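Q: the sequence isn't on hand, but the structure is:
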């Protein structure tokens, strides 16, 4: 019931003039108002509020601030913490919107190997106690075949029944190895915010609940490989990259190099097995299908720069790569890529001839390194008979200029520029690698010189390597012939001296046959017969067989 103010005067009764007696008022009846009266305006406002004009339903109540988080429910391994709040509301107000409790994951030190799992411990509490209204006692172990995995379902040891003892304690894993935890009888998984039951997920930029707007997506196709086998740079994967993927369909192999210059996989001409590798603070999953398909994936973020390369063995059909990069790192990435020059080929370490020093240089003392054993002298395999034998038994005979030389383990690799091809069973590229399966190849080839080379095509049993050189089972190299000094001429031009002449520069060639050669001189008709067979060029006499 609401009331209006009543005033008394000698001239009669009036309402609202002077505070006086309170008289009953009918519900929602407005008292008479005097114009220009501030008091009447206040009275009108009070009447509106008191009469409950508008909806009878009030808004929701208000929450108190969240309390502090409780201690972790587990003393080791994963558990949960809980905090709560209260809803403050008036009688006509609705309940507060939201939950009264929040749960989050907490991580304790790992449990010792002999520790009893949390669910096993809860079942064991009922060991030796009578259940099912009888005096029978049982030993209990967890049973995971029941419908509700957050009930404490325990199997009687030695019997074929289980019993449900109600809900498991909050923080119990839903099942062995599962990420979810049981809370109030429900299995809840944690979002990226650590709260159980939350739907928050990380975006591609690594932001919880983000919209992929704080990073950039880099996606390209690498096609700029050259025409010779070896390692070629594909792209720099900067620090902080996420969701990295690279794939191709060819017999080539992806290679990954860490920031310290060491290969993570497929380095040093060795193909790594498929599997998971640790690199730059993340796991790299390397898969290789039965067909010519290869994939590299990493979730990231990377803790340092990585260099993606390709070990080229055949023409590059294209390598697709992609990753997400924070916006603040995209500028430095572009700058580093320009410094790298987007040069596809990795500069290979080469042995160069020593250059005279312009001024004396003080060299700091170094720790002595064990000196390898000296190379034995090369066998004497001079003569046209040997040249003919190795020409016929080789897959390739070509003139080349030696650009570089490196030693890897027990092998020597020469980088050469092919100048003129005399014999080839498959196409040769302008730049090639020639391998010698020995630390001491015979004869050693000098840098920046021209040679007439003969080699075999070597394919590994699994088909992952295809290169030029001599096989490991017959690693002997033989000196054959000499190319003229100075700038090389065309094949057939000028005179090529016999290897027995003083000052000859010897060639690299594999001994491909175990047939004992008599060492006799070739008769005159022998070379025409070979020419007629198609093994040698028909125009003129091959320089390999000149006198």
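A: Looks like it arrived, so ask away. This structure is a prediction, so every number in the text was calculated from the model and none was measured.

Q: low-confidence bits of the chain, can you list those?
A: 1-37, 39, 43-59, 225-228, 335-374, 379-390, 408-410, 438-439, 460-466, 470-547 (pLDDT under 70).

Q: so which residues of the stretch 51-200 of the chain form helices?
A: Assigned by DSSP state H, counting those that start in this stretch, the stretch 51-200 of the chain shows helices spanning 118-124.

Q: quick one, strands of it?
A: 62-63, 78-84, 87-88, 101-107, 140-142, 151-156, 162-167, 181-183, 186-188 (DSSP state E, counting those that start in this stretch).

Q: so which of the ones you listed comes closest to residue 207?
A: Minimum separation from residue 207 across the strands of the stretch 51-200 of the chain (CB to CB) falls at strand 101-107, 18.7 Å. Where you see a C-beta, it was placed from the backbone N, CA and C, and this is true even at glycine.

Q: identify whichever of the strands of the stretch 51-200 of the chain lies nearest to residue 222.
A: strand 101-107 (41.0 Å).

Q: helices and strands around the closest one, which ones?
A: Judged by 3 or more CB pairs under 8 Å, 6 or more residues apart in numbering; DSSP states H and E, strand 101-107 is in contact with strand 78-84, strand 181-183.

Q: that one vs strand 78-84, what angle?
A: In terms of direction (axes from the mean of the first three to the mean of the last three CA atoms, to 10 degrees), strand 101-107 departs from strand 78-84 by 150 degrees.

Q: residues of strand 101-107 that come out buried?
A: 102-106 (16 or more other CB atoms under 10 Å).

Q: ok, those vs residue 452, which is closest?
A: Lowest distance from residue 452 to those (CB to CB) belongs to residue 105, with 71.1 Å.

Q: contacts only, for the closest one.
A: 78-80, 181, 190, 194, 196 (CB atoms under 8 Å, 6 or more residues apart in numbering).

Q: you'd agree residue 333 is in a helix?
A: Yes: counting by DSSP: H, G, I helix; E, B strand; the rest coil, residue 333 is found in a helix.

Q: and for it, nearest residue in space, chain neighbours not counted?
A: residue 238 (4.5 Å; CB to CB, 6 or more residues apart in numbering).

Q: just checking, that neighbour touches residue 325?
A: Yes: at 6.2 Å, residue 238 counts as touching residue 325 under the criterion of CB atoms under 8 Å.

Q: overlap of the contact sets of the two?
A: What both residue 238 and residue 325 touch, as defined by CB under 8 Å, 6+ apart, is the set residue 333.

Q: how is this protein carved up into domains?
A: Annotated domains of the chain cover 3-50, 118-169, 215-340, 384-545 [automatic domain parsing].

Q: who's in contact with residue 64?
A: Neighbours of residue 64 in contact, by CB under 8 Å, 6+ apart: 85-88.

Q: can we see that at 6 Å?
A: 85-86 (CB atoms under 6 Å, 6 or more residues apart in numbering).

Q: likewise residue 250?
A: Neighbouring residues of residue 250 by CB under 6 Å, 6+ apart: 292, 317.

Q: so what's residue 153 closest to, chain neighbours aside?
A: residue 146 (4.0 Å).

Q: tell me how far that neighbour lies from residue 165.
A: 11 Å (CB to CB, to the nearest Å).

Q: and residue 294, by the same measure?
A: 53 Å.

Q: more crowded one of the two?
A: The neighbour count for residue 294 versus residue 165, taken as other CB atoms under 10 Å, is higher for residue 294 (22 against 15).

Q: Provide a list of residues in contact with the more buried one.
A: Neighbour list for residue 294: 248, 254, 288 [criterion: CB under 6 Å, 6+ apart].

Q: okay, and the beta partners of it?
A: residue 248, residue 288 (DSSP bridges).

Q: measure it to residue 331 for me?
A: 31 Å.

Q: show me where the stretch 301-450 of the chain has its helices.
A: 327-340, 384-393.

Q: number of residues surrounding the residue nearest to residue 333?
A: 21.

Q: and it, what does it touch?
A: Contacts of residue 238 by CB under 6 Å, 6+ apart are 305, 329, 333.

Q: go again using 8 Å as the cut-off
A: Applying CB under 8 Å, 6+ apart, the residues near residue 238 are 302, 305, 325, 329, 332-333, 336.

Q: need the buried ones from those selected in PyMOL.
A: Buried residues among the contacts of residue 238 (16+ other CB under 10 Å), as a PyMOL selection:
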select buried, resi 302+305+325+333
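
Q: out of the contacts of residue 238, which is nearest to residue 265?
A: residue 302 (14.9 Å).

Q: burial measure for the residue found closest to the closest one once you drop the neighbours it is linked to in the chain, as a count.
A: Spatial nearest neighbour of residue 302, excluding adjacent residues (CB to CB, 6+ apart): residue 280 at 4.0 Å. Look at residue 280: counted by other CB under 10 Å, it has 22 neighbours.

Q: ok, the one 3 residues further on next?
A: Other residues near residue 283 come to 12 when the count uses other CB under 10 Å.

Q: my read is it is in a strand, agree?
A: Yes: using three-state DSSP, the assignment for residue 283 is a strand.

Q: any idea how far it is from residue 272?
A: Taken as CB to CB, the span from residue 283 to residue 272 is 15 Å.

Q: may I see the buried residues of stretch 320-335?
A: For stretch 320-335, using 16+ other CB under 10 Å, the buried residues are 321-326, 333.

Q: and stretch 205-222, by the same measure?
A: Those buried within stretch 205-222 under the rule 16+ other CB under 10 Å are 205-206, 210, 215-216, 218, 222.

Q: who touches residue 296 in this structure?
A: Here residue 296 is in contact with 244-247, 254, 256, 284-287, 308 (CB under 8 Å, 6+ apart).

Q: ranking the helices and strands packed on strand 101-107 by burial, who's on top?
A: Among these, the stretch with the highest mean neighbour count (mean count of other CB atoms under 10 Å) is strand 181-183, at a mean of 25.

Q: from the contact counts, what lies against it?
A: Using 3+ CB pairs under 8 Å, 6+ apart: strand 181-183 touches strand 78-84, strand 101-107, strand 186-188.
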